[in-house]
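Chemist: here is my input; please provide its structure:
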Amino acid sequence: MKAKEGILRPTRLSMVCCIMLTSNISHAISEEEGWKMAGEILEQIQPPTFPDQDYTITDFGAKGNADTDCTEALTSAILTCHEAGGGRVIIPEGTFLTGAIHLKSNVNLHLSEGAVISFFTTTDDYLPMVYTRFEGVECMNFSPMVYAFEQENIAITGQGVLDGNASITNWWRWKWLQRDDVKALCKMGDDGVPVEKRLFGDGHYLRPNMIQPYRCKNILIEGVTIKNSPMWHIHPVLSENITVRNVTVVGHGPNNDGCNPESCKNVLIEGCYFNTGDDCIAIKSGRNTDGRRVNVASENIIVRGCEMKDGHGGVVMGSEISGGARNIFAEDCVMDSPNLERGLRIKTNSVRGGVIENVFMRNVVMREVREAALRINYHYQEGDKGDFPPTVRNVYMTNVHCYKSKYPWHIRGYEHNKIQHVVLKDCTFENTEEEGLAEGIEDFIVLPKETVSTVED
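Modeler: Next up, the predicted model:
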């Protein structure tokens, strides 16, 4: 029996038809198996601990007067702490100006209440170049504002603020200047140019991210407020055992994503607040040829108890997803803004490719999203113009209550390569402007509620 194409309504008829479609599915993981896996993943995620010794940056010459360059003092404090076996580098109350901060193993950068780390917007403060990823392609570029490379046991904690100071007068305007550099970098990735020879930085327009642990282990980001990054705010790459907890992210510039784990394993994002100019949380794994060269999926990622306001999507996979993503869980979140476009979003195409599987969302309230509670799209940007057909399978939404949206769901796969096994169970969609769209999909199951919603808001 072929999947029904076009519009699928959440009626008893579509429920019965869709259940019949699952009879030959062998690859599907059940919802119960998935959430059991989530519990096992949580046991593996343990935040790092640090020796009980503190190093205050004012003891190294820093001044919190919003006028003194504290880059050298921060560097000295971090290095001293690291060489002494680790501990906390304390940022006391005050506003401390700095360029790039490079964390070392066993160092917790701790921002006291009232502390502000205010980053310069001059490019020289983010040189020399470092090994990084720009939109899923590895290169040598400006240092992220807080960077760590191949370190273990690192943290950013406290009640203070990290302010990237990006605006349309500096970093953000590069969005409209970067086209040639992005094209050149992607060609280098396609041509297999060694990463060390993909030189950008000074004279180019590839914006740095704000916080980027690269090939690191045992990471904690907790309590702080992060705002106005040049580009993505929190961007761990090829790292594992990551906890992002009770963090506030605010930034409405172009590509101002909140938290983007890329090719990372065992990640917990909980109790966070996102109000962003792009995706609130976007899970990634490299772009096109370069992503397939590195070939590391993002896996075992849990999002819980978060609040999403403005953004292109609440919990997102893609579009730089060539390495794939699996075992993604989101629960107990609230999404609420007329400027939040989608709730759960998956975006890819046959140029990006990637296998995205085992995605679970439950107990989520979407008070308002502009487009759709669920959006899965194989036609993103380049569309079906490549040789790497994507795979999306085993997507579950359970007990999701969306009060207002244009569509309940908007799903577009390829007829020659269909999205597989999407299940909506006990979900409520109110005040939709149009009916759900579902094309290029098989095994689409809608199990409507039999009674009035019991979602606790």
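Chemist: which residues in the stretch 351-457 of the chain form strands?
Modeler: 355-368, 372-377, 391-402, 407-412, 419-425, 428-429, 437-439, 441-447 (DSSP state E, counting those that start in this stretch).
Chemist: please compute how far the last one lies from its chain's middle.
Modeler: Right, the one you point to is strand 441-447. Its chain's C-alpha centre and that of strand 441-447 lie 27 Å apart, by C-alpha atoms, centre = their mean, to the nearest Å.
Chemist: most packed of the strands of the stretch 351-457 of the chain?
Modeler: Highest mean neighbour count among the strands of the stretch 351-457 of the chain (mean count of other C-beta atoms under 10 Å): strand 372-377, with a mean of 27. From N, CA and C alone the C-beta is placed, and that goes for glycine too.
Chemist: let me know the pLDDT of the residue most central in space within the chain.
Modeler: For the chain, Asn260 is the residue whose C-alpha lies nearest the centre (C-alpha atoms, centre = their mean; 2.3 Å). What the model reports as pLDDT for Asn260 is 98.
Chemist: might one say that it is in contact with Ile234?
Modeler: Yes: judged on C-beta atoms under 8 Å, Asn260 makes contact with Ile234 at a distance of 6.9 Å.
Chemist: still on that earlier bit, dump the strands of the stretch 351-457 of the chain to JSON lines, plus mean pLDDT.
Modeler: As requested, those are exported to JSON lines (pLDDT from 0 to 100):
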{"stretch": "strand 355-368", "mean pLDDT": "98"}
{"stretch": "strand 372-377", "mean pLDDT": "98"}
{"stretch": "strand 391-402", "mean pLDDT": "98"}
{"stretch": "strand 407-412", "mean pLDDT": "98"}
{"stretch": "strand 419-425", "mean pLDDT": "97"}
{"stretch": "strand 428-429", "mean pLDDT": "97"}
{"stretch": "strand 437-439", "mean pLDDT": "97"}
{"stretch": "strand 441-447", "mean pLDDT": "95"}
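Chemist: can you redo those as TSV with distance to Ile117?
Modeler: Putting those into TSV (distance: least, C-beta to C-beta, whole Å) gives the following:
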stretch	distance to Ile117
strand 355-368	33
strand 372-377	36
strand 391-402	37
strand 407-412	40
strand 419-425	43
strand 428-429	43
strand 437-439	45
strand 441-447	46
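Chemist: out of those strands, the one nearest Arg342 is which?
Modeler: Among the strands of the stretch 351-457 of the chain, strand 372-377 comes nearest to Arg342, with 4.3 Å by C-beta to C-beta.
Chemist: what's the closest one packed up against?
Modeler: Under the contact definition 3 or more C-beta pairs under 8 Å, 6 or more residues apart in numbering; DSSP states H and E, strand 372-377 sits against strand 342-347, strand 391-402, strand 407-412, strand 419-425.
Chemist: what is the orientation angle of the longest one with strand 419-425?
Modeler: Which is strand 391-402. 20 degrees (axes from the mean of the first three to the mean of the last three C-alpha atoms, to 10 degrees).
Chemist: same for strand 391-402, what does it pack against?
Modeler: With contacts defined as 3+ C-beta pairs under 8 Å, 6+ apart, the packing partners of strand 391-402 are helix 31-44, strand 342-347, strand 355-368, strand 372-377, strand 419-425, strand 428-429.
Chemist: so what strands line up beside the third one?
Modeler: Pairing partners of strand 355-368, with direction, according to DSSP bridges: strand 325-331 (parallel), strand 334-336 (parallel), strand 391-402 (parallel).
Chemist: where in the stretch 1-150 of the chain is pLDDT low?
Modeler: 1-27 (pLDDT under 70).
Chemist: show me the helices in it, by range?
Modeler: Using DSSP state H, counting those that start in this stretch, the helices of the stretch 1-150 of the chain run over 12-20, 31-44, 71-83.
Chemist: in CSV: those, plus mean neighbour count.
Modeler: Converted to CSV, the helices of the stretch 1-150 of the chain look like this (neighbours: other C-beta atoms under 10 Å):
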stretch, mean neighbour count
helix 12-20, 14
helix 31-44, 14
helix 71-83, 19
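Chemist: export these as CSV, with columns for distance to Leu340.
Modeler: Below are the helices of the stretch 1-150 of the chain laid out as CSV (distance: least, C-beta to C-beta, whole Å):
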stretch, distance to Leu340
helix 12-20, 27
helix 31-44, 24
helix 71-83, 35
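Chemist: Ile57 is nearest to which of these?
Modeler: Closest to Ile57 of these is helix 71-83 (C-beta to C-beta; 4.8 Å).
Chemist: now do the closest one: everything it contacts.
Modeler: With C-beta atoms under 8 Å, 6 or more residues apart in numbering as the test, helix 71-83 has contacts from 53, 55-62, 87-89, 96, 98-107, 109, 125.
Chemist: go again using 6 Å as the cut-off
Modeler: For helix 71-83, contacts defined as C-beta atoms under 6 Å, 6 or more residues apart in numbering pick out 55, 57, 60-62, 87, 89, 98-99, 101, 104, 107.
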